[in-house]
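1. Pasted the sequence and its predicted model underneath.
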Amino acid sequence: MMMIRVRSRDGLERVTVDNPRTTVSALKTLIENQLRVPVYNQTLSTNRNLLLAKTPHDRRRFTDMSDPQTSISSLGISHGSMVYLAYEGERSVAGPAFHRAGSFGKKMTMNDLIAKQMRITRQENPHCDSVSFDRDAANAFQHYVNDSLAFAVKRGGFMYGSVLEGGKVEVNFIYEPPQQGTEGNLILLRDPDEENLVEAIALGLGMRRVGFIFTQTIGQNKKDYTLSNSEILQAAELHGQSGLKEWVTAVVKLEVNEDGGADVHFEAFQMSDMCVRLFKEGWFETDCGEGFDPKLSRMKKDVMVGVKDTKEVDNDFFLVVVKIVDHQGPLSSTFPIENRNYPVTMKALKNHLDRTKRLPFVKRISDSHLLLLVARFLDISSDVPALAGCVQAQTTVPEGYQLLIESMASAA
């Protein structure tokens, strides 16, 4: 006899299997009998991304357990293994026995009543239709974490761009704040003065902060979650601070391909409205110690998930998948990027201007990271937006700004 864990939108449940040579068909019958999900309504997979599929068409792409005659042992399923279950509609789950307490039932406090009313459900549709990454900006970010950091420590950045008609988000550059990354944590050592300069540059470019991007490490790839509880907390906090309903959280990770090699993979989400609300109202336990299961977010009070009261919520309940596309934006990403292993110096500015001297001057400075270096020597309220405005419009840069930038470079 063995036990198989079954994770669905209702949380984690268990199914008892008598025969380790059980087929997929027999397993589905056991799920019907023990968990009350009809066989015809079940989609099973060993891939956790099944729980992120929103439509029947999306679920049909998960075919590893589609053959009813396949033995589960041939799929690597054994005692304690995890199988993912998706189904349509609602189901009836046996609840705990009810015992009356006195003439009018159990006495409840106001906090008890509020907790009973806090029901966690999936948000089916994001507020943003899609997110499009500038190819150069995305490549500059992923090449650094792949080639220099080898996905051994976490790295993050704020995404800047525009929200277009229909809720489409366009990312045109990524600002990487001072930070400290480890295998499991990302600590942002935010510099308000530097961020104000970035905001002034974005203003002149006609852009704004639209999201947060971070990497997961190789060690995390062995874990059974999409985002960890600490990543959920960080993403929810930044989403809530933004005040932007289309705010996007992007994740970059290494995934093993069919040939056994590793591919860099981008995923994009929004934190659900419920997730942001719970964070703002202080429902989350924020001490994510090693004793906590990283795929579960722990609440300070009971919430209702499906038909169960619980303090532990599967992180996937808080994620709303966003479609990813790409584009070629107006900026380059060839200038050295701030807050990495080495400080960006005027020597880098000189090398960049020498390398691009055949281009019009406005083209030579059309890089957000170059603009950030130059902005440190300009007036933040007037000069920085004005210079960035020239880049946005691709108009001639006033002679004074050009002479200043060239003199900064020649002083290297």
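-> In hand now; what should we look at?

2. ok, how many other residues are close to the closest residue to Arg119 other than its chain neighbours?
-> Spatial nearest neighbour of Arg119, excluding adjacent residues (CB to CB, 6 or more residues apart in numbering): Met304 at 4.5 Å. C-betas here are computed from N, CA, C, even on glycine. Neighbouring residues of Met304 were enumerated by other CB atoms under 10 Å; the total is 15.

3. In the helix or strand containing Met304, which residues are buried?
-> In this structure, Met304 sits in strand 296-305 according to DSSP states H and E. Applying a neighbour-count criterion of 16 or more other CB atoms under 10 Å, the buried positions in strand 296-305 are 296-299, 302-303, 305.

4. Just the CA atoms of that strand, as CSV, please.
-> The C-alpha atoms that make up strand 296-305 are tabulated as CSV, following Å, rounded to 0.1, in the frame of the first residue of the first chain:
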residue,chain,number,x,y,z
LEU,A,296,2.7,27.5,1.1
SER,A,297,2.0,31.0,2.4
ARG,A,298,1.1,31.0,6.1
MET,A,299,-1.6,33.3,7.4
LYS,A,300,-1.9,34.8,10.9
LYS,A,301,-5.6,33.8,11.0
ASP,A,302,-7.7,31.1,9.4
VAL,A,303,-8.9,31.7,5.8
MET,A,304,-11.3,29.6,3.7
VAL,A,305,-9.8,27.8,0.7
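
5. going forward can the numbers begin at 46, since that is how I track them
-> Got it, the first residue is 46 from now on, which makes the last one we talked about strand 341-350.

6. List the contacts of it.
-> Strand 341-350 is contacted by residues 55-56, 156, 159-161, 163-165, 274, 277-278, 323, 327-330, 337, 354-360, 362-363 when judged by CB atoms under 8 Å, 6 or more residues apart in numbering.

7. Just the buried subset of those, written out for ChimeraX, thanks.
-> Only the buried members of the contacts of strand 341-350 end up in this ChimeraX selection, burial being decided by 16+ other CB under 10 Å:
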select :55,56,160,163,165,274,277,278,323,328,329,330,337,355,357,358,359,360,362,363
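
8. From the contacts of strand 341-350, which land in strands?
-> Cross-referencing those with the strands (criterion: DSSP state E) gives 56, 164-165, 354-359 as the overlap.

9. so which of these would you say is closest to Glu312?
-> Asp359 (16.9 Å; CB to CB).

10. pLDDT score assigned to that closest one?
-> Asp359 carries a pLDDT value of 93.

11. Repeat that for Lys152.
-> Each residue has a pLDDT score; the one for Lys152 is 58.

12. Before we go further, Phe186 is sitting in a helix, right?
-> Yes: assessed by DSSP: H, G, I helix; E, B strand; the rest coil, Phe186 belongs to a helix.

13. What are the neighbouring residues in contact with Gln187?
-> Counted by CB under 8 Å, 6+ apart, Gln187 has contacts 297, 309, 311.

14. Can you point out the buried residues in whatever helix or strand the last one lives in?
-> Under the criterion of DSSP H and E, Phe311 resides in strand 307-316. Neighbour-count burial for strand 307-316, counted by 16+ other CB under 10 Å, picks out 309, 311-316.

15. do the same with stretch 238-245
-> By neighbour count on 16+ other CB under 10 Å, the buried set for stretch 238-245 is 239, 242-245.

16. May I see these organised as a markdown table, with secondary structure, distance to Val436 and pLDDT added?
-> Output for the buried residues of stretch 238-245, formatted as a markdown table (DSSP: H, G, I helix; E, B strand; the rest coil; distance: CB to CB, whole Å; pLDDT from 0 to 100):
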| residue | secondary structure | distance to Val436 | pLDDT |
| --- | --- | --- | --- |
| Glu239 | helix | 19 | 97 |
| Leu242 | helix | 15 | 97 |
| Val243 | helix | 14 | 98 |
| Glu244 | helix | 15 | 97 |
| Ala245 | helix | 13 | 97 |
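
17. Switch those residues over to CSV; also include distance to Ile425.
-> Below are the buried residues of stretch 238-245 laid out as CSV (distance: CB to CB, whole Å):
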residue, distance to Ile425
Glu239, 11
Leu242, 6
Val243, 10
Glu244, 9
Ala245, 5
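
18. part of a strand, is Lys99?
-> No: judged by three-state DSSP, Lys99 forms no part of a strand; its state is coil.

19. tell me the phi and psi of it?
-> phi -100, psi -20 (degrees, to the nearest 10).

20. Burial check on it, number of neighbours?
-> The burial count for Lys99: 14, using other CB under 10 Å.

21. residue contacts, it?
-> With contacts defined as CB under 8 Å, 6+ apart, the neighbours of Lys99 are 169, 366.

22. What distance do you get for Tyr132 to Ala98?
-> Distance of Tyr132 to Ala98, computed by CB to CB, to the nearest Å: 11 Å.

23. Report the spatially nearest residue to Asp324, omitting neighbours in sequence.
-> No, residue 324 isn't Asp; it's Phe. Skipping the residues right next to it in sequence, Phe324 comes nearest to Ala281 by CB to CB, 6+ apart, at 3.9 Å.

24. ok, that neighbour to Phe329 distance?
-> When CB to CB is applied, the distance between Ala281 and Phe329 equals 8 Å.

25. list residues touching both of the two?
-> Common neighbours of Ala281 and Phe329, counting by CB under 8 Å, 6+ apart, are Leu323.

26. picking up where we left off before, which one of the buried residues of strand 341-350 sits closest to Leu394?
-> The shortest separation between Leu394 and any of the buried residues of strand 341-350 is 44.8 Å, and it belongs to Ser342 (by CB to CB).

27. Next one: Tyr85, what pLDDT does it get?
-> pLDDT, Tyr85: 88.

28. Count the residues that sit near Leu272.
-> Leu272 has 25 neighbours, counted by other CB under 10 Å.

29. Great, nothing more from me.
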